[in-house]
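> Model the structure of this input:
(one chain, ligands or ions: 2)
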Amino acid sequence: MTALSINLNKIALIRNSRDTEYPSVPLHAARCVAAGAHGITVHPRPDQRHIRADDCYELAAMLDVEFNIEGNPFAAPMKSDRPGVSDYPGFLNIIRKTRPAQCTLVPDTNSQLTSDHGFDLTRDGERLLPIIEELHELGVRVSLFMDPVEEQIRLAREIGADRIELYTGPYASAFGSNDQDQVLQTFIDASDVAAEIGLGLNAGHDLNLHNLMLFSSSVKDLLEVSIGHAFTVDAIEMGLEKAVKSYLACL
Ligand SMILES: CC(=O)[C@@H](O)[C@H](O)COP(=O)(O)O
Ligand SMILES: NCC(=O)COP(=O)(O)O
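Numbers count the residues shown, from 1 in each chain. Ligands and ions are numbered 1, 2, ... in the order given. Next up, the predicted model:
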């Protein structure tokens, strides 16, 4: 069974557009779980444009389902520019304090609009080794945000990752086009490599109610999908509970 982890970044984005706690991130997490979501994902970026460090602490204290925190492991502390909002303590300090079930390391710079590529482990693999070791000592499962490239996936295993999360943005962009099957095949091939070397497989980014079923039924042993952007719009259009059940029906 593939687990559905709902990403709450966009709930936090709406909240941050006013000096308020509405909409409540924890309340929406509870509603998603009550509707059947298997986990919650957040991505605290240094500028805290949406998910803040304090959200991570609050969710870690309340969740009784898988908590997945995504982010750049090299992200340094950053002063908050909002009165009443705590400073960003550095990504690894959030993980040390929350010890989530899973940490998905993502090679995002602070200036990126969104996540748009996987790691280059030929460049960053050595730097990640001690971080992966520390996360394991904290009892945290480690997933690396990766492109569907065999050499890179094998390197992820070599440096000790438990899972990879395939960046599905290119698949979503190709969905419905003449390139769809060719692009999907790269993800199928990547899933075969992951299965061969005993690496768990997650996936995420731009998955939605149109493209999810084909992806989840095509790749091998998909353990988890994390979905937030499209889910948030679907929740507005059809209601949160129906949206969760609609995504579950695609898995
Ligand atoms: C890593 C990834 O693809 C998403 O988890 C990421 O959280 C999206 O970030 P934004 O919600 O800031 O676009
Ligand atoms: N890791 C992907 C994620 O958490 C959500 O990505 P998106 O659905 O917001 O594109």
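
> Quick check: closest non-adjacent residue to residue 138.
The shortest distance from residue 138 to any non-neighbouring residue, by Cβ to Cβ, 6 or more residues apart in numbering, is to residue 99 (5.3 Å). Any C-beta I mention is one placed from the backbone N, CA and C, and that applies to glycine too.

> how close does the one you found sit to residue 92?
Residue 99 sits 12 Å away from residue 92, taking Cβ to Cβ, to the nearest Å as the criterion.

> same thing with residue 142?
12 Å.

> So if I had to pick from the two, which one is more boxed in?
Shown here are residue 142 and residue 92; by other Cβ atoms under 10 Å, residue 142 has more neighbours (25 against 20).

> and the gap between the more buried one and ligand 1?
Residue 142 sits 14 Å away from ligand 1, going by Cβ to the nearest ligand atom, to the nearest Å.

> and that residue, that one's in a helix?
No. Read with DSSP: H, G, I helix; E, B strand; the rest coil, residue 142 is strand and lies in no helix.

> Please name the residues that touch it.
102-103, 105, 132, 135-136, 160-163 (Cβ atoms under 8 Å, 6 or more residues apart in numbering).

> out of the residues you listed, what pair is the most spread apart?
Spanning the widest gap among the contacts of residue 142 are 102 and 160, at 14.4 Å by Cβ to Cβ.

> Those two: which has the busier surroundings?
residue 102 (24 against 16).

> quick one: pLDDT of the more buried one?
Per-residue pLDDT puts residue 102 at 99.

> One more: residue 21?
96.

> Redo the contacts of residue 142 as JSON lines? Include distance to residue 50 and secondary structure.
Output for these, formatted as JSON lines (distance: Cβ to Cβ, whole Å; DSSP: H, G, I helix; E, B strand; the rest coil):
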{"residue": "102", "distance to residue 50": "19", "secondary structure": "strand"}
{"residue": "103", "distance to residue 50": "18", "secondary structure": "strand"}
{"residue": "105", "distance to residue 50": "19", "secondary structure": "strand"}
{"residue": "132", "distance to residue 50": "26", "secondary structure": "helix"}
{"residue": "135", "distance to residue 50": "23", "secondary structure": "helix"}
{"residue": "136", "distance to residue 50": "28", "secondary structure": "helix"}
{"residue": "160", "distance to residue 50": "30", "secondary structure": "coil"}
{"residue": "161", "distance to residue 50": "26", "secondary structure": "coil"}
{"residue": "162", "distance to residue 50": "26", "secondary structure": "coil"}
{"residue": "163", "distance to residue 50": "24", "secondary structure": "strand"}
